[in-house]
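Visitor: 3D, please:
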Amino acid sequence: MTIKNNALSLIDVLASKGETKLTPNKNSTVQPVALMRLGLFVPSLKRKGKNTDSVTIDASEELSKLDIAQAEGYSNITISGPRLSMETDFKVWVAVILSFSKYGRDTNTIELPFSEFATFAGYPDKEKTRVLRERISDSLTRLRGTTISLSSKNKDKLTVTGLLQKGNWDVKADIIKLTADESLWELYQVDNQVLLQMFVLRKLANKGTAQALYTFIESLPRKPIPLSFYRIKQRLVLTSPQNQQNRIIKKAVEELIATGYLDASIQKRDKDWHVLIHGRNPKCHLPAGVSPIEGLDDDE
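Guide: Next comes the predicted model:
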């Protein structure tokens with residue numbers, strides 16, 4: 001691998017094509033476009049069905065430009081592990097990124113107080129209880145258990161890495177210690193990045209489907225083609241009956257419009273519903289003339 005973690009920090013690699021630094025802070029987070037499009041973070045399931053506790057994502061196309069993939073001839077790349085929720089796991093992941101951007105300039109192992117880490121995740125002081133500590137601990141376990149596997153076509157070479165290399169929690173001192181794999185820096189460096197506004201996600205609190213749809217839509221090109229419900233269902237890893245999935249997506253789109261972020265409509269094309277994105281407003285000023293979405297009945 002050409003990238004060495006002792007020579008690069010997350011700050012070093014968080015830069016857009018125009019050399020404009022995209023530094024994460026309490027108001028925004030910088031994420032690789034691939035992770036936002038692949039469905040790594042998805043809504044929590046109200047009902048758990050068969051084979052919903054874990055996911056396997058084929059990331060061969062999206063991550064094929066990784067230096068390690070090209071240098072070693074890896075053509076099969078998968079991301080696998082427990083299902084990661086927008087409501088908790090994405091918050092904790094954002095805290096991981098923000099923690100490394102602040103403390104990881106010279107090392108890939110950092111430590112910080114739990115209180116500060118919880119603040120990075122967006123939790124207010126009144127929620128920093130034992131219950132939250134357990135929730136964050138469980139989330140770090142899930143993030144640690146999410147692996148990125150790279151292998152050659154004939155399976156004679158294999159590399160396994162992950163979102164986190166190691167996590168330690170000193171309960172008595174209330175200190176979190178995290179170690180990241182250098183491949184994480186590489187992922188940010190070779191991939192295009194998307195700047196997500198945290199206040200949009202906070203506006204959508206407890207609305208995991210709308211949050212996941214926001215991260216997906218914001219990662220799309222400036223003028224995206226109509227977004228089919230089929231593609232959205234794949235991205236959100238929905239498991240409910242098809243008719244219910246349609247209603248869930250419609251509601252999520254309406255919630256994004258209500259925040260002032262999205263200007264869109266829904267139409268049926270080629271036997272499938274599509275979201276037509278007319279505009280996106282990162283600062284959430286409600287678009288002029290936006291009307292409620294029509295055309296998708298409850299019985300569809």
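Visitor: Relative to Met36, how far out is Ile148?
Guide: Between Ile148 and Met36 the computed distance is 15 Å (C-beta to C-beta, to the nearest Å). Placement of C-beta: from N, CA and C, glycine included.
Visitor: Return the set of buried residues in the one helix or strand Arg231 maps to.
Guide: If you go by DSSP states H and E, Arg231 is part of helix 229-236. Neighbour-count burial for helix 229-236, counted by 16 or more other C-beta atoms under 10 Å, picks out 229, 231-233, 235-236.
Visitor: quick one: which of the residues you listed is nearest to Arg269?
Guide: Distance to Arg269, by C-beta to C-beta, is smallest for Phe229 among those, at 10.3 Å.
Visitor: What helix or strand is Ala110 located in?
Guide: Slight slip there: residue 110 is Ile, not Ala. Assigned by DSSP H and E, Ile110 belongs to strand 109-113.
Visitor: and the next helix or strand after that strand, which residues are buried?
Guide: Per DSSP H and E, strand 109-113 leads on to helix 114-120 as the next helix or strand towards the C-terminus. Along helix 114-120, these residues count as buried under the neighbour rule (16+ other C-beta under 10 Å): 114, 116-120.
Visitor: With pLDDT and distance to Leu201 as extra columns, can I get those in TSV?
Guide: Converted to TSV, the buried residues of helix 114-120 look like this (pLDDT from 0 to 100; distance: C-beta to C-beta, whole Å):
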residue	pLDDT	distance to Leu201
Phe114	93	21
Glu116	95	20
Phe117	95	17
Ala118	93	16
Thr119	94	15
Phe120	93	13
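Visitor: so how far is the helix holding Arg231 from its chain's centroid?
Guide: 15 Å (C-alpha atoms, centre = their mean, to the nearest Å).
Visitor: Counting by contacts, list what it packs against.
Guide: Using 3 or more C-beta pairs under 8 Å, 6 or more residues apart in numbering; DSSP states H and E, the elements in contact with helix 229-236 are helix 208-218, helix 242-259, strand 272-280.
Visitor: just these: most buried one?
Guide: Among these, ranked by average contacts under mean count of other C-beta atoms under 10 Å, first place goes to helix 208-218 (a mean of 24).
Visitor: what's that one packed up against?
Guide: Using 3+ C-beta pairs under 8 Å, 6+ apart, helix 208-218 sits against helix 33-37, strand 41-42, strand 193-197, helix 198-203, helix 229-236, helix 242-259, strand 272-280.
Visitor: hang on, the earlier thing: quick check: which of the helices and strands packed on helix 229-236 is nearest to Ala180?
Guide: Nearest of the helices and strands packed on helix 229-236 to Ala180, taken as C-beta to C-beta: helix 208-218 at 20.7 Å.
Visitor: Now do the helices in the stretch 51-200 of the chain.
Guide: Per DSSP state H, counting those that start in this stretch, the stretch 51-200 of the chain carries helices over the ranges 67-72, 89-103, 114-120, 130-144, 182-190, 198-203.
Visitor: could you give the angle of the fourth one to helix 89-103?
Guide: Here the directions of helix 130-144 and helix 89-103 differ by 80 degrees (axes from the mean of the first three to the mean of the last three C-alpha atoms, to 10 degrees).
Visitor: For helix 130-144, which outside residues touch it?
Guide: Applying C-beta atoms under 8 Å, 6 or more residues apart in numbering, the contact partners of helix 130-144 are 81-82, 84, 88-89, 91-93, 96, 114, 117-118, 121, 123, 162-164, 166-167, 169, 171, 176.
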